[in-house]
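*Asks:* 3D model of this:
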Amino acid sequence: MNIQELLLQEIESSSDVLLAQTLDFLRFLKTKPTTEEICLDLSTEKNDDTSNHQTKPEIQEATPNY
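*Replies:* Presented below is the predicted three-dimensional model:
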């Protein structure tokens, strides 16, 4: 059995509540960037010598003035 057939088998034996949650999760997964896309974006940023990226300033913990 392939993955699609296994999913269909599980769908047939699942409650509507679980199916609604599963559908929501599947739609979420389809819209978020994949790990591969994230890695490609990061490697592009690192190799881009023409970019003018500035590092974020470090945030220091506030100390009370007495």
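*Asks:* pass me the low-pLDDT residue ranges in the protein, would you?
*Replies:* For the chain, applying pLDDT under 70 flags the ranges 44-66.
*Asks:* convert the C-alpha atoms of the longest helix along it to PDB, please.
*Replies:* Ranked by residue count under DSSP state H, the longest helix found in the chain is helix 16-31. Extracted C-alpha coordinates of helix 16-31, given in PDB (Å, rounded to 0.1, in the frame of the first residue of the first chain):
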ATOM      1  CA  ASP A  16     -15.300  14.200  11.800                       C
ATOM      2  CA  VAL A  17     -13.600  16.100  14.500                       C
ATOM      3  CA  LEU A  18     -10.300  14.400  13.800                       C
ATOM      4  CA  LEU A  19     -10.800  14.800  10.100                       C
ATOM      5  CA  ALA A  20     -11.400  18.600  10.500                       C
ATOM      6  CA  GLN A  21      -8.200  18.900  12.600                       C
ATOM      7  CA  THR A  22      -6.200  16.800  10.000                       C
ATOM      8  CA  LEU A  23      -7.500  18.900   7.100                       C
ATOM      9  CA  ASP A  24      -6.500  22.100   8.900                       C
ATOM     10  CA  PHE A  25      -3.000  20.600   9.600                       C
ATOM     11  CA  LEU A  26      -2.600  19.500   6.100                       C
ATOM     12  CA  ARG A  27      -3.500  22.900   4.700                       C
ATOM     13  CA  PHE A  28      -1.000  24.500   7.200                       C
ATOM     14  CA  LEU A  29       1.800  22.100   6.000                       C
ATOM     15  CA  LYS A  30       1.100  23.000   2.400                       C
ATOM     16  CA  THR A  31       1.500  26.700   3.000                       C
END
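*Asks:* report how many residues lie close to residue 16.
*Replies:* Number of residues near residue 16 (other C-beta atoms under 10 Å) recorded here: 7. Bear in mind the C-beta positions are built from the backbone N, C-alpha and C, glycine included.
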